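Colleague: After the sequence you'll find the predicted model.
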Amino acid sequence: MGHGHHHHHHHDSRDLKGRNLLISIILNIVITLAQVIGGLISGSLALLSDALHNFSDVLSLVISYAANSLVRKKASTNRTFGYKRAEIIAAFVNSASLIAVAVFLIKEAIERFMDPQPISTGVVIWLSILGIAANGFSVLLLRSDSDRNMNLRSAYLHLLTDMMASVAVLIGGLLMYFFGWFWIDPALTILIAIYLVFMGYDLLKGSTRVLMLFTPKSIEVQRIVEAICSLEPIKNVHHVHIWQLNEDEVHLEAHLDFNRDILLSEFDQILAEIESLLEREFGINHVNIQPEFGKCDSKNIIVQD
């Protein structure tokens, strides 16, 4: 079986990510405590819902931080992939928790609509300003890595929605202060929650695809088969599996049927050609090929168990 892969190391950036996550965790613990106390004093559900969301942020950031640390651990004989999937699991857990928190907030807000409560707005306004400042800083820390890493994207989304929630709470606090519109509080809570569901669902779908070993969305199996078959002396490609191990590694395994009984040295040359083609055209960086000649099995089925 021919096998090839290319590794990319990101140790320095991982240390930086870890440090940024740690700063965000400390900031969020401070905000959560302040908002819980403020929410209880003021009677604001939007502030308490923001505190709950912030607490889920703390948990999600701790999970992200742990995953970021685990990924660095070396592979071993009983963990041949190491902990490369830790960050995908973290993204899955975080996105599921975002949706669960949102459902709880909607239930609470509907109950509050039935029975609006007067709220001490001064506390709400000051604490929402604190939330905007601290979350805004955390968002800036994680922003640059959020595009390249699903785990950090999940943490970034938690913080971004939190910052927006704090902006909404501030607007609500000002409206309640100047106009006495206390129904604004549960209305904002529902809007924050709907946004959480929207953001969480997308990430939940993406992390589930990776965990279920689905073919990455950007890859068309048929195009890969055609590209490999265009090389001489390959007759057929079958038994293809393509999956993402994490965000840096895409794996392909396949059986190749050859037109003639080639030498091993010739196979090595063809394998190198296939590897460079797959990396260049499709971003696949781990290739595992089983060569065959004259073997009696079905050659028509591209994908099979």
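Modeller: Perfect, I can see it now. Residues are numbered from 1 along each chain as shown.

Colleague: Only C-alpha atoms from now on, for both contacts and neighbour counts.
Modeller: Fine.

Colleague: domain ranges for the protein?
Modeller: The record's domain parsing of the chain by automatic domain parsing lists 2-211, 221-292.

Colleague: Out of those, indicate the one that is most buried.
Modeller: domain 2-211 (a mean of 19; mean count of other Cα atoms under 10 Å).

Colleague: ok so, going back, save the domains of the chain as TSV, and put in mean pLDDT and distance to I301 too.
Modeller: What follows is these, written out as TSV (pLDDT from 0 to 100; distance: least, Cα to Cα, whole Å):
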stretch	mean pLDDT	distance to I301
domain 2-211	82	21
domain 221-292	92	6
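
Colleague: can you redo those domains as JSON lines with distance to K299?
Modeller: Output for the domains of the chain, formatted as JSON lines (distance: least, Cα to Cα, whole Å):
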{"stretch": "domain 2-211", "distance to K299": "19"}
{"stretch": "domain 221-292", "distance to K299": "6"}
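
Colleague: can you give me the helices in the stretch 51-200 of the chain?
Modeller: Listed in chain order, the helices of the stretch 51-200 of the chain (DSSP state H, counting those that start in this stretch) span residues 86-114, 121-146, 150-179, 184-211.

Colleague: Quick check: S154 vs F92, distance?
Modeller: Using Cα to Cα, to the nearest Å, one obtains 8 Å as the distance from S154 to F92.

Colleague: overlap in contacts of the two?
Modeller: Between them, S154 and F92 have L203 as joint contacts when contacts are counted by Cα atoms under 8 Å, 6 or more residues apart in numbering.

Colleague: about what we covered before: okay, the helices of the stretch 51-200 of the chain in JSON lines with distance to S44 next?
Modeller: Conversion of the helices of the stretch 51-200 of the chain to JSON lines gives the following (distance: least, Cα to Cα, whole Å):
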{"stretch": "helix 86-114", "distance to S44": "10"}
{"stretch": "helix 121-146", "distance to S44": "7"}
{"stretch": "helix 150-179", "distance to S44": "9"}
{"stretch": "helix 184-211", "distance to S44": "7"}
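
Colleague: To L21, which of these lies closest?
Modeller: Distances from L21 to each of the helices of the stretch 51-200 of the chain were compared using Cα to Cα; the shortest belongs to helix 121-146, at 7.5 Å.

Colleague: In the chain, spot the helix with the most residues.
Modeller: helix 11-42 (DSSP state H).

Colleague: ok and it relative to helix 121-146, angle-wise?
Modeller: Using axes from the mean of the first three to the mean of the last three Cα atoms, to 10 degrees, the interaxial angle of helix 11-42 with respect to helix 121-146 works out to 170 degrees.

Colleague: Spatially central, which residue of this structure would that be?
Modeller: M150 (2.9 Å; Cα atoms, centre = their mean).

Colleague: Just give the nearest non-adjacent residue to it, would you?
Modeller: If you skip the residues right next to it in sequence, M150 has A91 as its closest partner in space, 6.2 Å away by Cα to Cα, 6 or more residues apart in numbering.

Colleague: Isn't that neighbour up against N149?
Modeller: No. Using Cα atoms under 8 Å, A91 and N149 do not qualify as a contacting pair, with a distance of 9.5 Å.

Colleague: And S276, how close does it get to H286?
Modeller: Here the distance between S276 and H286 works out to 11 Å (Cα to Cα).

Colleague: swap in F178?
Modeller: As defined by Cα to Cα, F178 lies at a distance of 62 Å from H286.

Colleague: cool, I270 as well?
Modeller: Summarising the geometry, the distance separating I270 from H286, computed by Cα to Cα, is 15 Å.
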